[in-house]
Each structure stands twice: as C-alpha cells, then as structure tokens.
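*Asks:* below are the sequence and a predicted model for it; my questions follow.
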Amino acid sequence: MKLITQSRNGGIITLLAMMILIGCLAFAVSRLIEVERDLRSEDTHSNLWMISQTQFEAVLLAESLARATSSQAILDEEQTPSFRFTILISRLGSLLEGDQAYVINRIGLLGDLKQVYLQIIMAEPLLQRPLDPQEVDRLRAQVHDLSYVLRDLANKVVTLNRAEGAARRSMYLRIVFESFAFILGIILSAIFLIMRLFKGIQETSQAKQLLRQEQELSDLVINNIRNQGIVMFDETLQCLLWNPGMEGMLTVKSDQAIGRNLQDLDLLFAKYDVVHSLNQAIEGTSSTFEDEAFSADGQERCLEVNFFPVSMAQRKLGIAFVRDVTEQWLARKRAERQNFDLEIKILQRTAALRQAERRLIAAIESASEGFAAFDWTGKLLFANDQIWAAAPVALWCWEEMSLPVFLRCFAMCEGADTRLLAAEPPFEEIEMDLLIKKDTWARLSVTKADGATIFVRLTDITGYKQVANALQSALERERETTNAYRNFVSMVSHQFRTPLAILDSSAQRILRRGTSLTQDELSSRVQKIRNAGSRLTRLVESVLNAAKLDAGRIELNPEDCNLLNLVMDISERQSELNSHADIRFQVPDTPVRVYCDSMLIEQVVINLLSNAIKYSGEKPVVEIKVWMDGARAYCSIRDWGIGIPADELPKIFDRFYRARTASGIAGTGIGLNFAQRIMHLHGGDIQVESFEAGGSLFTFDLPLSNVDHAQQAA
C-alpha cells in the first residue's frame, strides 16, 4: 500500500512538472509573437512625414495665391494655384484616412482638421473663375490656419512618438525578463523530468529484482506446503502450478499435471460446480466449494476448495487452494445430527407447551370477562380481546400498554380512587366498581398470583348495577310519590275545607236569621254558597282529569274550531266570575281555524287564564294575544303579577309543584302539568317566560285546520 501511494505521488509530481514545462513554452512563444506583431506595426515617423508634406503644400498654395494676386507671371503650370490646391487636397485626404487618421484622432485634432478641410474644399470654385482679391485673401487666411493646425499636429505626433517609444521599450524589457523566467522554468522542468526518468529506470530495475525474489520466495513457500494443495490455471483451465500438497491429496505428480487441462487430471475438477467456480475465478469472482466423496480406500473424505482470481502480466489467471477438512466435516455432521435430535425434542416440547398455551388462551378468549397478565415490573404479558375492547383501553392504551398506564386509563371513570393513579411497583391488590362508559359498569380486580405475575380481571356488572339502580330508583320514586300524594292530600283537604267552611257558615247564618234576612243579604249568602260549590267542582274536576290522564282514559277528539271564539267565551265566563279583572285582547279580525279537541283546549285556556288572574293581585290586568305564523296558530296569556323565580321555571310543569312565590294562594299544583300534557297530545307545547315580581307570559301553539291551509296556499 505504501509503494502504491509513493508511486501515485511520484506520478502526480511528474505530471505537474510536465504541465509547468508546457506552460512555460506556451507563455514564451506567446510573448515572442506579441513582439513580432508590434515590430510589424507602422512607425509614427511616416505619419510625421505625411504631416510635414501637407504643411509644405499649404505653404506653396499660399505663395501661389500671393503671386496670382500680385499679377506676377507664372511660367510653370505646377506653380498655379489650382494645381497646388489639388495637391493640398490630396495630401489632406491621405491624412484623414487610414492609420494617419487614427493617430490624429488619438491626438484630438481630427475634428479641427476636418473642419479646415471642408472650408478649403468649399473654396475650390473660386479657382475656376477670375480671382477676386478679397476671396483670395480669405482663402490664404484659411490656408495659413491649416498650416498652423498641421504644425501643432506635427508637434503632438512627435510627443506621442516619444511616449509610445518609452512604453514600447518598457514592454520589451518586461518581455525579456518574463522570457528569462520562462526559460528558467523550462530548464528546471526538463532537469526534473530527466531526473525522474533516471529514477524510474532505477525503480523499474529494483521492482524486477524484487519481483524475481518474491516469485522465488512464493515458489519456495508453495512447494513446502504439504497440508494444503495449491493449483494455478489459465483461462483455458490449463494447469500452470501444482504444488506437492496436491500430489499428496490427488496422487498426481507435478510433472504430470502442469500443462494439462484440470478436468483431465481428477474427477474433482470435472464436476459442474467446480468447473463453474474455476471460470468465475478467471472472470474475477472468488468462491468456495466443498466436495464430499470417498477416498481410494473407501473412507469418507471432504475437501474444501477456495477459488481466487489472479492477474499476472496482464493475463487473467486463477488459483485454487485445496484443504482436507474431513475431520472438521465429520465433527460438524455429528454436531448437526445431535442438533437435529435436540431440535426434534425441543419442537416436541414446544408443541406441547404451545398446545397447552392455545387451550389456555382459547379458554381466556372465550370468557366473557376481560383478562390480562403483567410481570412484576408492570410489562404486559397477555391481554384478551375483552380487555382491548374496554372503552378506556381502546381510547388511550393502544400505543403503550403497561400496568400503570392501564390503571390510569380507568382513573377518570366514576367510582375510581387515587390508587389507580399511584400504581407503581410493587403493585398492591385492588378491587373496585367503575362506570367505564354510559350505562356500562365493570368490576376491576388486580391480584397477585405469585411473586412475579399480576393478573387483572375486568368483569361486566352492568346488569347487576342496572337492577340495583332500578330498585333504588323505584324506591326513590315510591318515596317521592308517597310524599307527593301525602302533600296533595293535605293540600286538597285544606282546599276542600275552605269552600266547605264557607258553605257551612253561610247555611248556619241563613238558618239562624231565617226570615229576618233581607233580600240583598240572602242573595249575598246564596252567591257565596254558589261560588264555594263552583270551587269544589273545579277542584274535583282537576283531580279527576289528572287521574284520567294518568290512566290514559282521556281520548283526543280533534275537530275544526275557531280559536278566537273559544278564547272569547272563556274570557267572558272568567269576567263574570272575576269582575275585578281587566282582560285585554290583541286578536286578528278574521277567524283562526285550528284542528284540536276544543274541550281539552278549553281546559288549557281556563287554567292559564285563571292562574294569570289569581296570581296578579287585587287588580289583575291580563292580556290575551292570538296570531298565526306559517301552519301554526299561537295564543299567549300575559300578566303582570308575582311572577316565577328563574331557578324554578324548569319545574313548574311538574305535578304538585308550586313556586315559592305562590305561597298563601290557593292551588293544587296539577293545573299546569295537566295543561302541558294536553298540549303534548296535540303535538304542541307551552312556553313560559317569567320574572319574579315582573309577571309571566305563557304561549301555546296549535296546527291550523286544512281549510286554512288551502286558503293560505291559494
């Protein structure tokens, strides 16, 4: 591994040196190309020459114009103003094009030069006709301006030439130093590569010598191994190596084996699995094979063959190590037979235990009670379906089921105590009755069978609890009924005693006075007797109606009737009996046809109206309101009397119940109960709103008759 790492590092360093050499050569060549390109660029001296020639032509044109205006004779045609003008225009055109224009633009005088050029071009027609002295003077001034511009241009070109020359010399100097550095890098890289080459040759020689020594050592080791056979083969399964260990195992000499096909040497190498393993080793896959056979003397023998791939000189070879493992194989077979016998016994005993366990579990599962077992730490051992189906367990214990968690699931049930919350090892025995869900009771028992197992039983006792509760409820109802009837009898006896006393006193007064009574006094006494008789009649009717309703003997005979007429008739009768009462109405102008038993509804209205008058003091004011809404008719009776306390409103329809504000006022306590039950027979209800000392509002509803339904639909 160390040699491989060193070889890899040496290769990386050599590759890095070659990259440095190539990089230095590339940079040096690029610098030389850059210098050559700069040397081929145009020198600024030619630009300066062109500027000077243009300035010279401008001077010649000015002189030619001066001679022309002084009327001097011009003998040579080249001295004429038109000829000089043409030459000047040509020179200016050359300056404004090509490399000269680029240089002038860099200096910043290209715009001025173009402007002067345009002015001179526009003066060309002046030279085609007789010369005007003023126009000639103006043209000479423009030419002089051009010469000044060219002079400034020449000066700046010289300055630019000097600056560029200094920059070019600095660049050449930098390139020279860079070239020296690149050449030095090339030399050092080349020296390093040459050294690596010589070192590689030396390492190759050492590796060959080491390989030869290792081969000699491996041959020595292979030939001296006697207890293990070693055979090497190529891709055609031809034998390349056959050590003495193979000679002892297969009785085949080395000189007889080498060079021959392995399948021809022994039956071991002719088997299909062995041939497959030999080919896999050639392809690079290792494998192991055990051959069980008989030796030449008829004894059982087991050979273990390990196949491995080998790569030598870019050839795919294979090597097999053959080892005699007969003793280990025989020992393993004996151990396997013993293990098999032991497994048979274990399976038999396990089957017996499982059969007993299945019988026990089946018995527990078929039981109607819930059953669970826990170890001494509270870990669940077993639980039947009845335990899992229990409401607290089904809700809270599916993810984790330990005894403390199981007991805490029942801690919120009715009948539980703190023992379920404080359950920790060591657990104590518990037995209690719990309401695990609505109308479902169970007895929870926790017992210890031995020092390590805790059993939990959950027995359904709902039936027993229901019977006990039913008996308790019946007993309580019997007591309540007895008390109610006792109070009722006492109250009724008191209520009957008052009108009877009135009857008796009035009769005695009539008997004592006889004929001495005046007609008015006699009428008053007789009226009192009639009122007392009417009161007795109402009391008897109330008791009889309540009894009939309890016995189910009241029949409902509904018919179409006018609710307004019914209410108005009852109000008139109540007004006759209670002349001090002020009964007011808020009713519609049209009839309100309802479908009901008028006799029973009359009892409801009489009860509500008489109560409103009775509980409203000396000057009662009662308001009756009738209206329709949808398919229902509504009637409300309102008073401003003593009212009903808010906490007693839910009880006022109970039989024999009277509010505490009714103390001292005659009544049986069955009227509102009787009226509410009549309304229930009609599918309606009586609603009440009341405030203590603020009066009461009673409202009942009835279905409209079919006639009204048809009219409303129309």
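*Replies:* It's in. Residues are numbered from 1 along each chain as shown.

*Asks:* only C-alpha atoms from now on, for both contacts and neighbour counts.
*Replies:* OK.

*Asks:* tell me the mean pLDDT for the longest helix along the chain?
*Replies:* What stands out as the longest helix in the chain, according to DSSP state H, is helix 133-224. Helix 133-224 comes out with an average pLDDT of 72.

*Asks:* one more: stretch 107-119?
*Replies:* On average, the pLDDT along stretch 107-119 is 70.

*Asks:* for stretch 691-701, same thing?
*Replies:* 90.

*Asks:* over to stretch 30-47?
*Replies:* On average, stretch 30-47 scores 62.

*Asks:* what helix or strand is Thr590 on?
*Replies:* Here Thr590 sits in a region with no helix or strand, counting by DSSP states H and E.

*Asks:* name the residues of stretch 287-303 that are buried.
*Replies:* Using 16 or more other Cα atoms under 10 Å as the test for burial, stretch 287-303 gives Ser287, Glu290, Asp291, Arg301, Cys302, Leu303.

*Asks:* of all those, which two lie farthest apart?
*Replies:* Farthest-apart pair in those is Ser287 and Arg301; separation 20.3 Å (Cα to Cα).

*Asks:* so which of the buried residues of stretch 287-303 is the closest to Cys635?
*Replies:* Of all the buried residues of stretch 287-303, Cys635 sits closest to Ser287, with 103.3 Å by Cα to Cα.

*Asks:* tell me the pLDDT of the closest residue to the closest one other than its chain neighbours.
*Replies:* Spatial nearest neighbour of Ser287, chain neighbours left out: Phe307 (5.3 Å); criterion: Cα to Cα, 6 or more residues apart in numbering. Per-residue pLDDT puts Phe307 at 90.

*Asks:* also Glu124?
*Replies:* Reported pLDDT for Glu124: 65.

*Asks:* do the same with the one 4 residues further on
*Replies:* Per-residue confidence for Gln128 comes out at a pLDDT of 62.

*Asks:* so Met412 is in which element?
*Replies:* Using DSSP H and E, Met412 is not contained in any helix or strand.

*Asks:* could you report the pLDDT at it?
*Replies:* 82.

*Asks:* please tell me how far Glu235 sits from Asp152.
*Replies:* The gap separating Glu235 from Asp152 is 92 Å, by Cα to Cα, to the nearest Å.

*Asks:* the longest helix of the chain packs against which elements?
*Replies:* Under the contact criterion of 3 or more Cα pairs under 8 Å, 6 or more residues apart in numbering; DSSP states H and E, helix 133-224 touches helix 2-40, helix 44-69, helix 98-107, helix 110-122, helix 244-250.

*Asks:* hmm, 6 Å instead?
*Replies:* Packing contacts for helix 133-224, counted by 3 or more Cα pairs under 6 Å, 6 or more residues apart in numbering; DSSP states H and E, involve helix 2-40, helix 44-69.

*Asks:* which helix or strand lies directly C-terminal to the shortest one?
*Replies:* Once helix 44-69 ends, the next helix or strand along the chain (criterion: DSSP H and E) is helix 81-95.

*Asks:* off-centre distance for that next one?
*Replies:* Distance of helix 81-95 from the chain centroid (Cα atoms, centre = their mean, to the nearest Å) equals 89 Å.
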